[in-house]
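Student: Here is my input; please provide its structure:
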Amino acid sequence: MILLGVMGNPIEHSRSPEIHLEFARQHQLQIEYEKLLVPENGFREVANTFLERGSLGFNVTLPNKGDACQYVDQLSEDAKASQSVNTVVVEASGRLIGHNTDGLGLSRDIQSNLSWNMEGKSVLILGAGGAVRGVMASILKMKPGQLHVYNRTLEKAIQLEKQHPSTCLKAVSMENLLEGYDFVISGTSAGLLGGEIGLPSKIIGANTLCYDMIYAQTKTPFQAWCDKHNCQESVDGLGMLIEQAAQAFTLWTDCEVNTEAVIQKLRHTI
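Tutor: Below you'll find the predicted structure:
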């Protein structure tokens, strides 16, 4: 039996156990995948206790990705770039390696599942927190022609720009947002609690493709806002969730998985 899990707070909503059990079935692997609630300042204790039970590793969700970054012995390149860990792998030596699979999960969903091409296009990223830091390097690898980052606190967007020197990347204020971006990607929880999205509708054009990094049972508030302003298409982050999980599963087991089948199954059971 392979012991795996996901740590965070809140954690009850997590669909990671369903996803990884689907992956395990594809390879006839026996796994146990647990949800682990982390109390405030309790990450190290929960992680230590779980690893003592013989786990091969675990996933990490909010608000503990930074805690995991400090906890592991070594960071992968993606984890270093984002200063955020969502997957911990226990090597045969016992050494703990921290990875961030969010960026690859996003790029695989966008390029492989959706067949969207960002190369040379204008892209707007909303938010500059941990979710966006975790995917910024992967977005840059998709070679956008212009990549704007908007955050309500401009200084955070400027910090992100400084962390990823690129001629196409620029932190922008609301006044400098363009009309009709080719892509708008939301990495913020704006509107989740019923609040206003607080963005000018001009950013959405008839050909704009909109992507929300979160997922929900129905259209997310961001998707609904984009649809209201007549975007070409809006999607949520379920594909990203499953693609990043697939990368973690492969890191633990060396098994490649069919993500398309899992996306279709979970899409109909949300």
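Student: Spit out the contact partners of the residue nearest the centre of the chain.
Tutor: When the chain is reduced to its mean C-alpha position, the closest residue under C-alpha atoms, centre = their mean turns out to be D102, at 4.0 Å. Applying C-beta atoms under 8 Å, 6 or more residues apart in numbering to D102 gives the contacts S82, S84, N86, A131, G134, V135, M240, Q244. The way it works is simple: take the backbone N, C-alpha and C, and place the C-beta from them, glycine included.
Student: Please repeat the previous calculation with a cut-off of 6 Å.
Tutor: Shown in contact with D102 (C-beta atoms under 6 Å, 6 or more residues apart in numbering): N86, G134, V135, Q244.
Student: Surely the second one and S84 touch.
Tutor: Yes: taking C-beta atoms under 6 Å as the contact criterion, G134 and S84 are neighbours in contact, 4.9 Å apart.
Student: what sits in contact with each of the two?
Tutor: Between them, G134 and S84 have N100 as joint contacts when contacts are counted by C-beta under 6 Å, 6+ apart.
Student: Now stretch 147-164: buried residues?
Tutor: When burial is assessed from 16 or more other C-beta atoms under 10 Å, stretch 147-164 yields the following buried residues: L147, H148, V149, Y150, N151, L154, K156, A157, I158, L160, E161, H164.
Student: Stretch 257-269 too?
Tutor: Buried residues in stretch 257-269, counted by 16+ other C-beta under 10 Å: V257, T259, V262, I263, L266.
Student: TSV please, covering those residues and showing distance to L21.
Tutor: Formatted as TSV, these follow (distance: C-beta to C-beta, whole Å):
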residue	distance to L21
V257	12
T259	14
V262	10
I263	15
L266	11
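Student: can you tell me which of those residues lies nearest to P10?
Tutor: Using C-beta to C-beta, L266 is the member of the buried residues of stretch 257-269 that lies nearest P10, at 19.2 Å.
Student: what about the closest one, which SS state?
Tutor: With DSSP: H, G, I helix; E, B strand; the rest coil as the basis, L266 sits in helix.
Student: before we move on, what about A171?
Tutor: Three-state call for A171 (three-state DSSP): strand.
Student: Pull the contacting residues for the nearest residue in space to it that is not next to it in sequence.
Tutor: Closest residue to A171 apart from its sequence neighbours, by C-beta to C-beta, 6 or more residues apart in numbering: A157 at 3.5 Å. With contact taken as C-beta under 6 Å, 6+ apart, A157 is in contact with A128, V149, N151, A171.
Student: at 10 Å what do you get?
Tutor: Applying C-beta atoms under 10 Å, 6 or more residues apart in numbering, one finds that A157 lies in contact with 125-128, 132, 148-151, 169-173.
Student: Ok, Q159 next?
Tutor: Residues in contact with Q159, defined by C-beta under 10 Å, 6+ apart, are A128, R133, V149, N151, T153, A171.
Student: quick check, nearest of these to S55?
Tutor: With C-beta to C-beta as the yardstick, the closest approach to S55 among the contacts of Q159 comes from R133, at 26.3 Å.
Student: What does the pLDDT read for the closest one?
Tutor: pLDDT for R133: 89.
Student: Right, I'll leave it there.
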